[in-house]
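Peer 1: Structure for the following, please:
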Amino acid sequence: MITVRESIFIYYDTENEVNVERAELDVDTAADLPSADYIPGRKLYQGSIAHDISTGDFYSMDSTGTWYNQDGSGPYTPASASTLSAPKLNKIINAEDVPDINVGENIEQVDAPVELTEEHESEGTGEVMEGIPEGEYNAEVVRDTEN
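Peer 2: Numbering: from 1, shown residues only. Modelled structure (predicted):
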């Protein structure tokens, strides 16, 4: 599995009609390292990095699309890199494609109202939390003007 943690737009390649991006990826194993054009409409740029979750290794892509293990052991080209199928990023799901699901089946409802004015013990700390009496709250919104 491949997860894009973050990507930064570098430029738009008008010839190939793709966004060229430097990305930070998480992969389950090194065998999941993708080719530079594995996402339709996007292309990975030199300096993209991938974290191999199974080993903790980090890989970085050069300008030719080759992944290099950052431990200095050299290039890594997974056998499946050219055959990776693009993920279904824009698939539209129609109602007829989804089996009937009866929402709410086998769900047991428990009526246990909690009054805001009651005192309750907080979970785990043993401290008593006091409820907010009706009408005694501040509805004013304070905005952070520094951001």
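Peer 1: Within the sheet, what are the partner strands of the strand or helix carrying residue 75, with directions?
Peer 2: If you go by DSSP states H and E, residue 75 is part of strand 74-76. Take DSSP bridges as the rule and strand 74-76 pairs in its sheet with strand 67-69 (antiparallel).
Peer 1: From the rest of the structure, what touches the strand holding residue 75?
Peer 2: Contacts to strand 74-76, defined as Cβ atoms under 8 Å, 6 or more residues apart in numbering, come from residues 30, 33, 59, 66-69. All C-beta spots, glycine's among them, are computed from the backbone N, C-alpha and C.
Peer 1: so where's the protein shaky on pLDDT?
Peer 2: Along the chain, segments meeting pLDDT under 70 span 77-147.
Peer 1: if we go to 90?
Peer 2: Low-confidence regions of the chain, defined by pLDDT under 90, span residues 38-40, 73-74, 76-147.
Peer 1: hey, where'd the strands end up in it?
Peer 2: Here the chain has its strands, by DSSP state E, at 2-13, 18-27, 42-44, 49-52, 58-61, 67-69, 74-76, 120-121, 128-129.
Peer 1: Packed most tightly, which of those would that be?
Peer 2: For those, the largest average neighbour count (mean count of other Cβ atoms under 10 Å) is found in strand 42-44, namely a mean of 21.
Peer 1: Could you name the helices and strands sitting against that one?
Peer 2: With contacts taken as 3 or more Cβ pairs under 8 Å, 6 or more residues apart in numbering; DSSP states H and E, strand 42-44 sits against strand 18-27.
Peer 1: then the strand it packs on to PDB, C-alphas only?
Peer 2: Extracted C-alpha coordinates of strand 18-27, given in PDB (Å, rounded to 0.1, in the frame of the first residue of the first chain):
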ATOM      1  CA  VAL A  18       0.600  16.400 -15.500                       C
ATOM      2  CA  ASN A  19       1.400  18.100 -12.200                       C
ATOM      3  CA  VAL A  20       5.000  17.500 -11.300                       C
ATOM      4  CA  GLU A  21       5.200  17.200  -7.500                       C
ATOM      5  CA  ARG A  22       7.800  16.400  -4.800                       C
ATOM      6  CA  ALA A  23       6.100  13.900  -2.400                       C
ATOM      7  CA  GLU A  24       6.600  12.300   0.900                       C
ATOM      8  CA  LEU A  25       5.200   8.700   0.800                       C
ATOM      9  CA  ASP A  26       4.700   5.800   3.200                       C
ATOM     10  CA  VAL A  27       5.000   2.300   1.800                       C
END
